[in-house]
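> Kindly generate the corresponding structure for this input.
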Amino acid sequence: MEAMAGSPRNSRLRYPPKIIQSKTSRHSSPIPKSHKPNQFPSHFEAPEVSSSARTICDILTRASPNDIESLLSSTGIKPSADTVHEVLKLSYNYPSSAVKFFRWAGQQTKRTAHAWNLMVDLLGKNQLFEPMWDAIRTMKQEGALSMSTFASVFESYCMASRFNEAVMSFDVMDRYGMQQDVVAVNSLLSAMCREDNQTSKAMEFFEKIKEKIPPDGDTFCILLEGWDKEGNVAKAKTAFDEMIVRIGWIPTNVSAYDTFLTTLVRGLQIDEAINFLKVMKEHNCLPSMKFFSEALHILTKQNDVARAIHIWNIMVSGGLMPTLIMYNAMIGLVCNNNEIGHAFQLLDEMVLHGAFPDSLTYNMIFECLVKNKKVRQTDRFFTEMIKNECPPRHSNCAAAITMFFDCDDPEAANEIWCYMLDNHVKPLDESANALLLGLCSLDRLSELRRSAEDMLYRRVTIYESTMRKLKDAFYREGRSGRDRYDILYQRWRARS
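Residues are numbered from 1 along each chain as shown. Purely as a prediction, here's the structure:
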């Protein structure tokens with residue numbers, strides 16, 4: 001650490017004892033070329049920084065490294081443990097200055113294990129691996145080492161694509177008094193799998209270590225997440241099969257089930273996912289709502305109503321309670337496929353599961369009823385919607401008015417129009433024109449004229465195409481009809 005503080009760019013990678021270095025990794029730049037300047041959070045962007053930490057960070061970012069310790073001493077600040085932690089978290093972009101501060105702070109107050117871990121992480125993330133190991137050796141002497149320290153080391157090496165060094169670090173853990181157990185294995189696997197397309201590297205390590213250190217549910221969950229990230233369904237199946245063989249069916253291993261089934265669904269192996277779901281249910285093992293929500297989202301986009309219903313039934317029969325969002329997605333899907341009966345079944349079930357329908361729920365079903373010209377059901381459902389204070393959207397009102405006229409039920413159409421007027425539903429234009437066209441089709445000219453005049457009075461827009469239809473209807477009535485239309489037309493022109 002001391003050498004790095006004075007000359008960071010001349011530091012030379014030195015591994016822990018007895019680890020052989022490869023020729024390609026013997027020398028390294030402290031900060032990799034791929035890293036962007038100021039890639040880490042700093043005190044300039046942090047929303048809340050204590051005054052002491054801000055004063056120290058200002059010195060670290062602006063002063064020459066040779067002047068830092070004297071400037072820090074001149075502040076009169078005796079940093080608390082919390083201040084040290086805060087400064088280190090904000091100093092990843094300035095590793096040399098951070099080391100100077102860390103040394104100075106150690107002269108003022110005892111450094112905590114958390115501060116040491118932050119220092120190790122800071123050095124590792126900047127690929128300053130020799131001083132990182134210097135810090136680890138000092139931590140060992142002070143009894144400050146923990147699994148968190150090595151988890152940080154694994155992550156730093158993997159982020160730098162130096163996976164062999166990450167494995168070597170695991171190999172020497174016991175020399176530092178740290179146990180090579182399944183927690184350590186999982187930490188290394190997790191660090192590898194977080195990197196893009198590196199799950200195969202994790203599998204190489206897993207194959208070598210699994211007989212010496214038996215894996216647990218978390219181990220397989222990490223590997224499954226890696227294969228899911230890469231979209232490799234075949235490898236995910238292999239990992240899942242091995243998990244069942246090694247640790248069996250464990251109801252609490254929900255994350256692994258979530259990840260595996262999601263991989264299948266994303267890979268469009270829906271039937272395979274359903275088959276696995278059935279087997280899981282037989283063993284009293286089910287994924288969480290996270291999977292079912294993801295699966296429903298994917299199947300909705302594919303408009304795959306049959307498989308969505310199948311997965312939905314497994315979920316509900318397994319005792320899981322869908323949310324309102326999930327109910328709305330499912331109702332939207334079945335309505336899109338004109339399965340009205342299933343939509344009403346879901347609507348009835350919602351309240352039993354504590355998910356109360358909202359305006360979206362009712363409008364999707366109402367729209368489906370209108371589209372399928374279910375006249376009586378639409379009329380009754382409209383009444384129910386009003387009763388439950390979830391009225392139709394203005395576009396659905398317009399479509400319903402048109403449908404009722406087409407199906408010879410002008411009274412129901414007028415009921416919707418009157419509701420819109422009485423309850424100030426806006427905008428009125430689309431529904432108004434639908435009403436006028438409906439009245440035209442029935443040649444109800446007196447009612448047509450009154451309605452049009454009222455709409456003009458309310459400054460509702462009557463479309464030019466609608467006016468042409470009105471003209472045809474009135475002109476068929478002879479001179480009196482033409483006169484009535486001409487007066488209406490003049491008022492319409494005046495409002496335009």
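
> Cys407: what's it in contact with?
Lys373, Val375 (Cβ atoms under 8 Å, 6 or more residues apart in numbering). The way it works is simple: take the backbone N, C-alpha and C, and place the C-beta from them, glycine included.

> now the one 4 residues further on
Neighbouring residues of Glu411 by Cβ under 8 Å, 6+ apart: there are none.

> which element is it on?
helix 410-422 (DSSP states H and E).

> Ok, Glu211 next?
Going by DSSP H and E, Glu211 is not in any helix or strand.

> just to revisit the earlier point, tell me the buried residues in the helix holding Glu411?
For helix 410-422, the neighbour count (16 or more other Cβ atoms under 10 Å) marks Pro410, Ala412, Ala413, Asn414, Glu415, Ile416, Trp417, Tyr419, Met420 as buried.

> Pretty sure Asn372 sits against Asn338.
Yes - counting by Cβ atoms under 8 Å, Asn372 touches Asn338, with 5.8 Å between them.

> Show me what whichever helix in the chain runs longest is packed against.
Determined from DSSP state H, the single longest helix within the chain is helix 479-495. Contacts defined by 3 or more Cβ pairs under 8 Å, 6 or more residues apart in numbering; DSSP states H and E place helix 479-495 against helix 445-457, helix 464-475.

> what mean pLDDT does the helix holding Glu411 have?
The average pLDDT for helix 410-422 rounds to 95.

> so the next helix or strand along the chain from that helix versus helix 445-457, what angle?
Later in the chain than helix 410-422, the nearest helix or strand by DSSP H and E is helix 429-441. Inter-element angle recorded for helix 429-441 and helix 445-457: 160 degrees (by axes from the mean of the first three to the mean of the last three Cα atoms, to 10 degrees).

> Could you figure out how far helix 429-441 is turned away from helix 464-475?
Using the same axes, to 10 degrees: helix 429-441 against helix 464-475 is 20 degrees.

> So which bits of helix 429-441 are buried?
Quick answer for helix 429-441 (16+ other Cβ under 10 Å): Asp429, Glu430, Ser431, Ala432, Asn433, Ala434, Leu435, Leu436, Leu437, Gly438, Leu439, Cys440.

> from the residues you listed, which single one is nearest Glu242?
Of all the buried residues of helix 429-441, Glu242 sits closest to Glu430, with 59.7 Å by Cβ to Cβ.

> Phi first, then psi, for the residue lying closest to the closest one once chain neighbours are set aside.
Distance criterion Cβ to Cβ, 6 or more residues apart in numbering; nearest residue to Glu430, sequence neighbours excluded, is Ala398 at 4.0 Å. With angles defined as degrees, to the nearest 10, Ala398 sits at phi -60, psi -40.

> roughly how far apart are Ala398 and Pro427?
Remark: distance between Ala398 and Pro427 (Cβ to Cβ, to the nearest Å) = 10 Å.

> sorry, back to before: closest to Tyr485 out of the helices and strands packed on helix 479-495?
helix 464-475 (3.6 Å).

> Buried residues of the closest one, list them for me.
For helix 464-475, by 16+ other Cβ under 10 Å, it's Thr466, Met467, Lys469, Leu470, Lys471, Ala473, Phe474.

> repeat for stretch 481-496
Gly481, Arg484, Tyr485, Leu488, Tyr489, Trp492.

> Check the average confidence over it, would you?
Mean predicted confidence for stretch 481-496 is 88.

> My read is that Leu437 contacts Ala398, right?
No - counting by Cβ under 8 Å, Leu437 does not reach Ala398; the two are 10.4 Å apart.

> coming back round to it: tell me the pLDDT of the residue nearest to Glu430.
96.

> For it, give me its contacts.
Glu430, Ser431, Asn433, Ala434.

> can you tell me which two in these are farthest apart?
Among the contacts of Ala398, Ser431 and Asn433 lie farthest apart (Cβ to Cβ), at 7.4 Å.

> Where does the record place the domain boundaries for the protein?
1-145, 394-496 (automatic domain parsing).

> distance between the ends of the shortest one?
It stands for domain 394-496. 22 Å (Cα to Cα, to the nearest Å).

> neighbours around the residue lying closest to Lys125 once chain neighbours are set aside, how many?
With Cβ to Cβ, 6+ apart as the criterion, Lys125 has its nearest non-adjacent residue at 5.6 Å, and that residue is Ser156. Applying the criterion other Cβ atoms under 10 Å, we find 25 residues in the vicinity of Ser156.

> isn't Val334 right next to Asn303, touching?
No - with contact defined as Cβ under 8 Å, Val334 does not count as touching Asn303 (10.7 Å).

> More neighbours: the two, which one.
For Val334 versus Asn303, neighbours defined as other Cβ under 10 Å are more numerous around Val334 (23 against 10).

> That one: what secondary structure?
helix (DSSP: H, G, I helix; E, B strand; the rest coil).

> So it versus Thr361, what's the distance?
Counting by Cβ to Cβ, the gap from Val334 to Thr361 is 12 Å.

> Would you state the helices of the stretch 251-400 of the chain in chain order?
254-266, 270-282, 289-301, 305-317, 324-336, 340-352, 359-371, 375-387, 394-406 (DSSP state H, counting those that start in this stretch).

> would you list those in TSV and tack on distance to Lys237?
Formatted as TSV, these follow (distance: least, Cβ to Cβ, whole Å):
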stretch	distance to Lys237
helix 254-266	8
helix 270-282	8
helix 289-301	16
helix 305-317	19
helix 324-336	27
helix 340-352	32
helix 359-371	37
helix 375-387	46
helix 394-406	45
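
> out of those, deepest packed?
Mean neighbour count (mean count of other Cβ atoms under 10 Å) peaks for helix 254-266 among those, with a mean of 23.
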